[in-house]
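>>> sequence first, then the predicted structure:
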Amino acid sequence: QVQLVQSGAEVKKPGASVKVSCKASGYTFIDYEISWVRQAPGQGLEWMGWINTENGDAKYGQSLHDRLTLTTDTSTRTAHMELRGLRFDDTAIYFCARVRGYAGYDGGWFDPWGQGTLVTVSP
Amino acid sequence: EIVLTQSPGTLSLSPGKSGTLSCRASQTVDSNFLAWYQHKPGQAPRLLIYGTSSRATDIPDRFRGSGSGTDFILTIARLEPEDVAVYYCQYYVDSVWTFGQGTKVEIK
């Protein structure tokens, strides 16, 4: 079945970087983009960015674009999310999700999602 | 930038009853790119509805999406205890996704 499995929880100090991985299985990896979403404690879902898994072209949301890098490794069917200059308010659960949509059109909806990776920023 | 506003913040329903969740966009949107998700604590969000009214795989027909323009609705019929969750609407346009702030559904 289609599945996205994310790397484990991380604890980082302010100013550090974190890299979260998202390994895909059950479908042709390069046929679908991957998007990243986070949820801070007690908050809603915040879209972060997305990446074309075939050519590596990435687009970022306004709030994180200067600290966020999305990459993919087609040989391992894995997408990566790196966030630099961590701040306390980056403490959140980070999700990857496969982007599905209409043939010939960009964008769409997210299905399925990874299980989430908790990133804690703590002194 | 499109803003999605969901209401109510919390919806309390008795088991077996029906309820409606609202998602209002700050401007007219393409209904093909309006989706709904169910998010339970400790779990990954789950796609319920895409393209305003199409149910995702294995989603029971108790969940129904509708709407157009700026106003969209998720209707939950015959509420079951397993439906307790936060529900989010989402919209895509021009390489950007936006989520509403969510509606929490609880059992009365």
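Okay, I see it.

>>> run a quick neighbour tally on the closest residue to A:Gly85 other than its chain neighbours.
In space, and not counting its chain neighbours, A:Gly85 is closest to A:Arg67: 5.1 Å by C-beta to C-beta, 6 or more residues apart in numbering or on different chains. The C-beta positions use only the backbone N, C-alpha and C, and glycine is treated the same way. A count of nearby residues for A:Arg67, using other C-beta atoms under 10 Å in any protein chain shown, gives 15.

>>> gap between A:Arg67 and B:Leu74?
As for A:Arg67, its distance to B:Leu74 is 34 Å (criterion: C-beta to C-beta, to the nearest Å).

>>> so who does residue 77 touch?
Since you didn't name a chain, this refers to chain A. Residues counted as contacts of A:Arg77 (C-beta atoms under 8 Å, 6 or more residues apart in numbering or on different chains) are A:Lys23, A:Ala24, A:Ser25, A:Phe29.

>>> can you look at chain B instead?
B:Ser18, B:Arg62, B:Phe63, B:Arg64.

>>> can you check B:Tyr50 too?
B:Tyr50 neighbours (C-beta under 8 Å, 6+ apart): A:Arg100, A:Gly108, A:Trp109, A:Asp111, B:Ala35, B:Ala56.

>>> ok, it to B:Gly16 distance?
For B:Tyr50, the distance to B:Gly16 - C-beta to C-beta - is 27 Å.

>>> what does B:Val105 give?
Counting by C-beta to C-beta - B:Val105 and B:Gly16 are separated by 14 Å.

>>> which one of those two has more residues nearby?
Between B:Val105 and B:Gly16, counting by other C-beta under 10 Å, B:Val105 is the more crowded of the two (21 against 9).

>>> kindly tell me how buried B:Thr70 is, as a neighbour count.
Other residues close to B:Thr70 by other C-beta under 10 Å number 15.

>>> same check, this time on B:Cys23
28.

>>> now B:Gly65
B:Gly65 has 24 neighbours, counted by other C-beta under 10 Å.
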